[in-house]
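Engineer: no sequence for this one, just the structure:
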């Protein structure tokens, strides 16, 4: 949470959580960093309904669907100060879908915060290994559970 707050502390802005679940992380971020406008997508409609209730003033910013299939959140001219993504999601789709999402992130986001937990870290060895497998270059130490991806290099990312 500290890295996410630091990433948007200067002025808030639009923050998109790709796989937002019930919206609780975005709620904590908005409370800690005033000016954050939350956006989220999740495949579970019940979780999205909960997120909409948590963020009643921004309920329309939450979409039920697959982050690889939904263009609704990627409106031309809409910029995100921060995107939040678990890199393993890019490994669950084909390379074309992963490449398209990395390009959307590069074009529409100032920063991309990546995180991992549990089995994802074990399989990849660490966050750096998982990020490399997903084609997301990270800035900083590879042995942490959260990091900022190098947004400028996202389009160059190729899964290993």
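Structural biologist: Happy to help now that I have it. Just so you know, these numbers come straight off a predicted model, no measurement behind them.
Engineer: and the residue nearest to residue 34 when sequence neighbours are not counted, how many neighbours does it have?
Structural biologist: Spatial nearest neighbour of residue 34, excluding adjacent residues (C-beta to C-beta, 6 or more residues apart in numbering): residue 12 at 6.1 Å. For the C-beta atoms, the positions are set from N, CA and C on the backbone; glycine is no exception. Residue 12 has 16 neighbours, counted by other C-beta atoms under 10 Å.
Engineer: cool, and residue 54?
Structural biologist: Neighbours around residue 54, by other C-beta under 10 Å: 18.
Engineer: Can you show me the helices along the protein?
Structural biologist: For the chain, the helices defined by DSSP state H cover 2-8, 24-32, 45-54, 88-91, 95-108, 118-124, 127-134.
Engineer: contacts for stretch 15-24?
Structural biologist: With contacts defined as C-beta atoms under 8 Å, 6 or more residues apart in numbering, stretch 15-24 is touched by 4, 8, 25-26, 29-30, 36-42, 44, 47-48, 50-52, 54-55, 62, 67, 73, 80-86, 89, 101, 109.
Engineer: could you dump the helices of the chain to JSON lines with mean pLDDT and distance to residue 147?
Structural biologist: Formatted as JSON lines, those follow (pLDDT from 0 to 100; distance: least, C-beta to C-beta, whole Å):
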{"stretch": "helix 2-8", "mean pLDDT": "68", "distance to residue 147": "7"}
{"stretch": "helix 24-32", "mean pLDDT": "91", "distance to residue 147": "16"}
{"stretch": "helix 45-54", "mean pLDDT": "97", "distance to residue 147": "24"}
{"stretch": "helix 88-91", "mean pLDDT": "94", "distance to residue 147": "14"}
{"stretch": "helix 95-108", "mean pLDDT": "91", "distance to residue 147": "14"}
{"stretch": "helix 118-124", "mean pLDDT": "85", "distance to residue 147": "12"}
{"stretch": "helix 127-134", "mean pLDDT": "88", "distance to residue 147": "6"}
